[in-house]
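Enquirer: Sequence below, structure please.
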Amino acid sequence: MARTTIHLMRHGEVHNPEGVLYGRLPGYHLSSLGRQMAEQVADVLSASGHDIAAVITSPLERARESGAPTATAFGLTPRTDARLIEAGNHFEGIPVNRNRWVLAHPEHWRYYLNPLRPSWGEPYTELVERVSGAVRDAIEPVEGREALLVSHQLPVWATRLWLEGRPLVHDPRHRQCSLASLTSLTFDDRTLVGLSYWEPAGDLLRRAEDMVPGTSAAAEATGRVTGLAPVDGASAPAGSTGAVDPAGTGDGPADPSGTAA
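Expert: Predicted coordinates:
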């Protein structure tokens, strides 16, 4: 049976000097560093013999710009899929990175009633349903080859949690989905047989000013754990793409049902 790989990529760094939680807002483009990250992902995929047959992105600018270099490198015309868009969030538009306590204002309290849903944004179950649908639909057209799907941190991370049989409710500081990272899903037909995580642009992460919480192989390599500090503040070892084998996490099988996303 031919194996098919779907790479879920998080976009590169965004130009966001005001520290706004931009969510689905239009007009947020990659920074100069973010463009370098996207180019490096394309270079690594091309140089390491990957066979990308489709590039599909979230409709938001930062995702389309992140996928463009890979599409060019493989002679493809990228397309968008609305199911890959960022998670809905009540707080978008608020400059949270200047002062995180702004989210503790009493006017927002009603949105914290149910962290399991979560009540401040799109339910995790709906998020996973749409992203996994985009993954399913990407498999057949590239059967036996690979596709790059460019999305956002929470959609990618929630989908991985679901595939690994872990609770969708989580601490955002522990998300392993750094800027321009790839969460790669390997299928036999439509059965998931492998899941891996890697950071082709890991050596650029130390320069990032993105404030979204999370962890990365690059950060963990030097013992730096990121929370509300700039994400991914350390680089991978020299010459490394930042590859990580998640098999040792002890968090359960890659797919508890044995079926595709």
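
Enquirer: what's near enough to touch residue 201?
Expert: Residue 201 makes contacts with 12, 36-38, 40-41, 44, 179-181, 242, as judged by CB atoms under 8 Å, 6 or more residues apart in numbering. C-beta coordinates here come from the backbone N, C-alpha and C atoms, glycine included.

Enquirer: try residue 23
Expert: Taking CB under 8 Å, 6+ apart, one finds 86-89, 91-93 in contact with residue 23.

Enquirer: just residue 79 next, same as before
Expert: 54-57.

Enquirer: gap between stretch 94-113 and the chain center?
Expert: Relative to its chain's centre, stretch 94-113 lies at 24 Å (CA atoms, centre = their mean, to the nearest Å).

Enquirer: Kindly tell me how buried the closest residue to residue 54 other than its chain neighbours is, as a neighbour count.
Expert: Nearest non-adjacent residue to residue 54, counting by CB to CB, 6 or more residues apart in numbering: residue 147, 4.2 Å away. Per other CB atoms under 10 Å, the neighbour tally for residue 147 reads 22.

Enquirer: Tell me which stretches of the chain form strands.
Expert: 3-10, 52-57, 79-80, 146-151, 182-188, 191-198 (DSSP state E).

Enquirer: Between those, which one is closest to residue 134.
Expert: In terms of CB to CB, the element of the strands of the chain nearest to residue 134 is strand 146-151, at 6.4 Å.

Enquirer: and that closest one, how far from the chain's centre?
Expert: For strand 146-151, the distance to the chain centre is 10 Å (CA atoms, centre = their mean).

Enquirer: And stretch 190-203, by the same measure?
Expert: That offset, for stretch 190-203, works out to 11 Å (CA atoms, centre = their mean).

Enquirer: one step back: mind putting the contacts of residue 79 into TSV with distance to residue 122, neighbour count and pLDDT?
Expert: Formatted as TSV, these follow (distance: CB to CB, whole Å; neighbours: other CB atoms under 10 Å; pLDDT from 0 to 100):
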residue	distance to residue 122	neighbour count	pLDDT
54	25	19	99
55	24	26	99
56	20	26	99
57	19	27	99
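
Enquirer: Okay then, goodbye and thanks.
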